[in-house]
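K.L.:
sharing a model prediction with you, sequence too.
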Amino acid sequence: MQRKKIIVGITGASGSVYGLKLLEALREIQTVETHLIISDAGRCVLREEIGKDSSQQAESRADFHYDIRDFTAPVASGSYITEGMIVAPCSAKTLASIAHGFSENLLARCADVVLKERRKLVLLFRETPLNLSHIENMGKVTRMGAVVLPPIPAFYCGPRTVDDIVAHAIGKALDIFAVEHSLFKRWKSQ
């Protein structure tokens, strides 16, 4: 069976656990081939929030990983077919880079490629409170075809742990790619 290819970006916003959980979930699901890019700030936040070897943990969970400065990586080209990209978490800087087509690094370049090829781009934007530039940039990328998915907790699924809250956000991102999962209990009316 041919596996879907999804690019995963981890940036310098707080919430690097979202990127790790996404990679872990996709490894368990086994229907997706992952291509990981971690920004320099993402590596710093991973180290602060998760621990010293967390960048290596993330890389070990991915099928492929690339240096943020490697513009020769296959994922930098539209001719390399992927389903799209999930940036988890997405920093305000990365959102601005994507919104304005400023491909300063491989992660922003991949987002640009995904948009120009009309593939799926999901941004777990992790910032609060929001200023006007954040709001305008979210509007801009949405008009370009991206989905802004702030990892806001839902309580209908009965989360009991932080991991449950993280899993829900990751599951919502995977729903956009039609990747089957059992990361959270779905809403049932009654």
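P.N.:
Here it is on my side, so go on. Residues are numbered from 1 along each chain as shown.
K.L.:
use CA for all of it now, contacts and neighbours both
P.N.:
Fine.
K.L.:
in this protein, where is pLDDT below threshold?
P.N.:
189-190 (pLDDT under 70).
K.L.:
50 instead, please
P.N.:
190 (pLDDT under 50).
K.L.:
quick one: the helices in it?
P.N.:
With DSSP state H, the ranges of helices along the chain come out as 16-29, 40-49, 54-61, 92-99, 106-116, 132-144, 162-176.
K.L.:
closest one to residue 153 among those?
P.N.:
helix 162-176 (5.7 Å; Cα to Cα).
K.L.:
sorry, back to before: could you dump the helices of the chain to CSV with distance to residue 155 and mean neighbour count?
P.N.:
Output for the helices of the chain, formatted as CSV (distance: least, Cα to Cα, whole Å; neighbours: other Cα atoms under 10 Å):
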stretch, distance to residue 155, mean neighbour count
helix 16-29, 18, 21
helix 40-49, 24, 19
helix 54-61, 28, 18
helix 92-99, 26, 21
helix 106-116, 31, 24
helix 132-144, 24, 15
helix 162-176, 9, 19
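K.L.:
okay, those helices in CSV with distance to residue 86 next?
P.N.:
Converted to CSV, the helices of the chain look like this (distance: least, Cα to Cα, whole Å):
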stretch, distance to residue 86
helix 16-29, 9
helix 40-49, 14
helix 54-61, 14
helix 92-99, 12
helix 106-116, 9
helix 132-144, 14
helix 162-176, 7
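K.L.:
quick one, which of the ones you listed is nearest to residue 9?
P.N.:
helix 106-116 (6.4 Å).
K.L.:
contacts made by that closest one with the rest, please.
P.N.:
For helix 106-116, the external contacting residues (Cα atoms under 8 Å, 6 or more residues apart in numbering) are 7, 9, 37-39, 67-71, 75-78, 84-85, 94, 97-98, 101-103, 120-121, 144-146.
K.L.:
and these, which of them are buried?
P.N.:
7, 9, 37-39, 67-68, 71, 75-78, 84-85, 94, 97-98, 101, 103, 120-121, 145-146 (16 or more other Cα atoms under 10 Å).
K.L.:
now, which of these lie within strands?
P.N.:
Within the buried ones among the contacts of helix 106-116, residues falling in strands by DSSP state E are 7, 9, 37, 38, 84, 85, 120, 121.
K.L.:
I figured the second one hits residue 16, correct?
P.N.:
It refers to residue 9. No: contact between residue 9 and residue 16 fails when scored by Cα atoms under 8 Å: they sit 10.2 Å apart.
K.L.:
which neighbours do these two share?
P.N.:
Contacts common to residue 9 and residue 16, judged by Cα under 8 Å, 6+ apart, are 88, 89.
K.L.:
what's the closest of the helices of the chain to residue 125?
P.N.:
Once the helices of the chain are compared by Cα to Cα, helix 92-99 is nearest, at 7.3 Å.
K.L.:
the helices of the chain: which one's closest to residue 1?
P.N.:
Within the helices of the chain, the stretch nearest residue 1 is helix 16-29; the backing value is 13.2 Å (Cα to Cα).
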